[in-house]
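Visitor: Sequence first, predicted coordinates after that:
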Amino acid sequence: MEPSLPILSQTYRGSELINKLKLVWPNLYARTLTDRYLCNAAGVLRWMTVILESEELHMPEFAPDALLSLSLADLPCFDDAETKERIGTAISNYGPVFAGLREDGNPPNVYDILESPLMIATFWSHPRNLICRTDVWKLGTYNPPEIVDWSAEAIARRGLLQIDHPSEIFHDLDRKLGRVDVDFFSPTPPDFIRCCWHNSAQAAQAARDSNISLFEAVRSFTVRCEEVQHHEGQLTLPLRSLKYRLICIARIPSPGEEAASEHLYSCDGMCFQPEYGNESNHDWTCNDPGRYYLVYRKSRVPQDMLLNGATPLERVFIPKTYELDQLFCGWIEDSRKEKASSKSAVPRDDPPTDMQ
């Protein structure tokens, strides 16, 4: 289907594009529940584009064209009946692209759309969005280690984190970026990390104590990563740490439930509200029990880490016969301790002024 709405990024760049995108949100023109679910997903991608453009980066082009057109659409802020009808009809025309995502017949929600096979095959499979390279080290009895290829789609599916507790973000990433059986992944920290959070247990605790803020537990995290290189029979792992900050949290509705506007944050932690749109059903918090879709943005400033007394920026050489499990056992133990300590004490609501 050809896009029926003009795309801002084809005409504008930089501050002009940012201002145009931030002015009007797609849900301003949504007329049905199906349209509002679709506009939730488009709103998340629209804000991700704003974040990248503010750092003088560009959102990689992706399909399906319907979601690209809607998320980057040049939307007018007029409220006359003719404009509402024209834009509303255009939004409704995009719905059939995603109509078959759910087997129960209900319209696809923000999670269904953003994690759909079309999005996995295109947007999340883009190299900038993969958690590791497609060339994977095959270890074990191979001498030297053999390089095998994983499909970008398989890695993209692997990049979605499913968590029940905020502390599991680091634990799940550590597991996915480390060794799996005899495969060793070379991490490439993506522009964005996404999570599906089932918060029922923490919400029950927050309901018993009004001072508890679950938002503080999910607003940022630090991930340890390394760029695996191979040279003359040795694996090289220069280590870094990167901070990721929450830029979007969307409530995933139950079947038939009304769409809730996504909450948006800049990288300094400030909440964003567009001038037109997005205000409908915005009064919710992640202390409410349910499922949430979280998107994090990578910090632009990596921090070097120490390993076994190595100085910053020093390469750490791992002989080819070295048991790589030994390298990660300390990390795994650390993450278990962090997970246990965070579960015993949920952060209380004392919001900082920023997310530095």
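Guide: Nice, thanks for sending it over.

Visitor: Partner strands of the longest strand anywhere in the chain, with direction?
Guide: Using DSSP state E, we find that the single longest strand of the chain is strand 239-252. Paired neighbours of strand 239-252 in the sheet (DSSP bridges): strand 220-226 (antiparallel), strand 263-265 (antiparallel), strand 291-298 (antiparallel), strand 303-304 (antiparallel).

Visitor: Of all these, which one is nearest Gly88?
Guide: Among those, strand 263-265 comes nearest to Gly88, with 22.7 Å by C-beta to C-beta. C-betas here are computed from N, CA, C, even on glycine.

Visitor: hmm, who's touching that closest one?
Guide: 43, 47, 219, 245-250, 271-273, 278, 282, 355 (C-beta atoms under 8 Å, 6 or more residues apart in numbering).

Visitor: repeat that with 10 Å
Guide: Contact with strand 263-265 is made by 22, 25, 43-44, 46-48, 50-51, 215, 219, 245-251, 270-274, 278, 282, 284-286, 292, 295, 297, 355, as judged by C-beta atoms under 10 Å, 6 or more residues apart in numbering.

Visitor: related to what we said a few turns ago, how about the strands paired with strand 239-252, which one is nearest Leu17?
Guide: strand 263-265 (16.6 Å).

Visitor: Excluding sequence neighbours, find me the nearest residue to Leu5.
Guide: Ala73 (4.0 Å; C-beta to C-beta, 6 or more residues apart in numbering).

Visitor: Looking at that neighbour now. What's its pLDDT?
Guide: pLDDT for Ala73: 92.

Visitor: For it, the count of nearby residues, please.
Guide: 25 (other C-beta atoms under 10 Å).

Visitor: tell me the contacts of it?
Guide: 3-8, 20-21, 24, 26, 29, 42, 46, 87, 90-91, 94.

Visitor: So it versus His58, what's the distance?
Guide: Separation of Ala73 from His58 (C-beta to C-beta, to the nearest Å): 17 Å.

Visitor: now do Val218
Guide: From Val218 over to His58 (counting by C-beta to C-beta), the distance is 27 Å.

Visitor: Settle it for me: which of the two has more neighbours?
Guide: The neighbour comparison of Val218 against His58 (other C-beta under 10 Å) goes to Val218, with 23 against 13.

Visitor: Next, count neighbours for the closest residue to the more buried one other than its chain neighbours.
Guide: Nearest residue to Val218 in three dimensions, chain neighbours excluded: Pro166, at 4.8 Å (C-beta to C-beta, 6+ apart). Residue neighbour count, defined by other C-beta under 10 Å, stands at 24 for Pro166.

Visitor: Likewise for Asp283?
Guide: So Asp283, with other C-beta under 10 Å, has 8 neighbours.

Visitor: can you check Ala99 too?
Guide: 11.

Visitor: In three-state terms, label it for me.
Guide: Following DSSP: H, G, I helix; E, B strand; the rest coil, we place Ala99 in the helix state.

Visitor: if I look at it, how far off is Ile120?
Guide: In terms of C-beta to C-beta, Ala99 sits 18 Å off from Ile120.

Visitor: and what of Leu214?
Guide: Leu214 is 28 Å from Ile120, by C-beta to C-beta.

Visitor: What of Pro166?
Guide: Counting by C-beta to C-beta, the gap from Pro166 to Ile120 is 25 Å.

Visitor: Same question for Ser220.
Guide: 26 Å.

Visitor: neighbours around the closest residue in space to Val110 that isn't next to it in sequence, how many?
Guide: Leaving out its chain neighbours, the residue that sits closest to Val110 by C-beta to C-beta, 6+ apart is Asn40, at 3.9 Å. Neighbourhood size, Asn40 [other C-beta under 10 Å]: 27.

Visitor: if we can go back for a sec, now the residue nearest to Val218, what's its secondary structure?
Guide: Pro166 - assigned by three-state DSSP - is coil.

Visitor: Show the contacting residues for the nearest residue to Glu262 once chain neighbours are set aside.
Guide: Nearest-residue entry for Glu262: Ala250, 4.1 Å, with adjacent residues in sequence omitted and distances by C-beta to C-beta, 6+ apart. Residues near Ala250 by C-beta under 10 Å, 6+ apart: 40-41, 43-44, 109-111, 114, 259-264, 291-295.

Visitor: Recalculate using a threshold of 6 Å.
Guide: 40, 110, 262, 293 (C-beta atoms under 6 Å, 6 or more residues apart in numbering).

Visitor: cool, Glu275 as well?
Guide: Glu275 neighbours (C-beta under 6 Å, 6+ apart): Leu23.

Visitor: For it, give me phi and psi.
Guide: Backbone torsions for Glu275, taken as degrees, to the nearest 10, come to phi -70, psi -30.
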